[in-house]
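[1] Next come a sequence and a model predicted from it.
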Amino acid sequence: MATMIREKILEALREPSTVTELVKKLGRSSEHIKRVLRELEREGLVRSKSIGRMKIYWVEQAVGGVEELERRVKELEEELERLREENRKLREEAARPGEMDRLWEKLEEWKEYAFKLADIIAYQRGMTVKEVLKETGAPLEEEEE
């Protein structure tokens, strides 16, 4: 039972808290929580600081926490490098002769499809294509009714 309350306190102290906040979160007496906090402070697992009449407690990060943080930073740097490489490849691909024309043709195909779809929706709802396009926020200058 004592180890369970210790684990709950350590879990709750991932964010700095006062004894009163821990009492509300855990539903234990303040004396019980104070006693466990003193034990945790002696063991070096919890730190505290008094601000006026209030004492705030938090979990002291172990050396593993720093190693975990460094590992996470390294992973993020690798992900960033991978994304930069992917972006560079996409730019090179788009810069090839004829590639922009191919992409433009695809865009035109999708526009035609979108207007056909708007026509079907307008027919089903008893609306005009213009009204359907206004609902979707599509540009109206290229519509065909």
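    Structure received. Numbering: from 1, shown residues only.
[2] For the closest residue to residue 55 other than its chain neighbours, list each beta-bridge partner.
    If the residues on either side of it in the chain are set aside, residue 55 comes closest to residue 48, at 5.5 Å by Cβ to Cβ, 6 or more residues apart in numbering. (Each C-beta comes from the backbone N, C-alpha and C, glycine too.) On the basis of DSSP bridges, residue 48 is bridged to residue 57.
[3] Could you number the chain from 11 rather than 1 from now on?
    Sure, I'll start numbering at 11, so the last one becomes residue 58.
[4] What segments of this protein are strands?
    When assigned using DSSP state E, the strands of the chain occupy the ranges 27-28, 56-61, 64-69.
[5] Could you tell me which residues within the last one count as buried?
    Of the residues in strand 64-69, those buried under the neighbour-count criterion (16 or more other Cβ atoms under 10 Å) are 67, 69.
[6] Mind giving me the packing neighbours of it?
    Strand 64-69 sits against strand 27-28, helix 29-36, strand 56-61, with contacts defined as 3 or more Cβ pairs under 8 Å, 6 or more residues apart in numbering; DSSP states H and E.
[7] Of those, which is nearest residue 129?
    Closest of the helices and strands packed on strand 64-69 to residue 129 is helix 29-36, at 58.6 Å (criterion: Cβ to Cβ).
[8] Can you give me the neighbour number for the closest residue in space to residue 137 that isn't next to it in sequence?
    Distances taken as Cβ to Cβ, 6+ apart put residue 131 closest to residue 137, at 7.7 Å, once the chain neighbours are dropped. Other residues near residue 131 come to 16 when the count uses other Cβ atoms under 10 Å.
[9] can you list the weak-confidence ranges in the protein?
    11, 71-76, 78-79, 148-155 (pLDDT under 70).
[10] Domains in it, by residue range?
    12-69, 72-105, 110-155 (automatic domain parsing).
[11] what's the first-to-last distance across the longest one?
    Think domain 12-69. Start-to-end span of domain 12-69 (Cα to Cα, to the nearest Å) is 18 Å.
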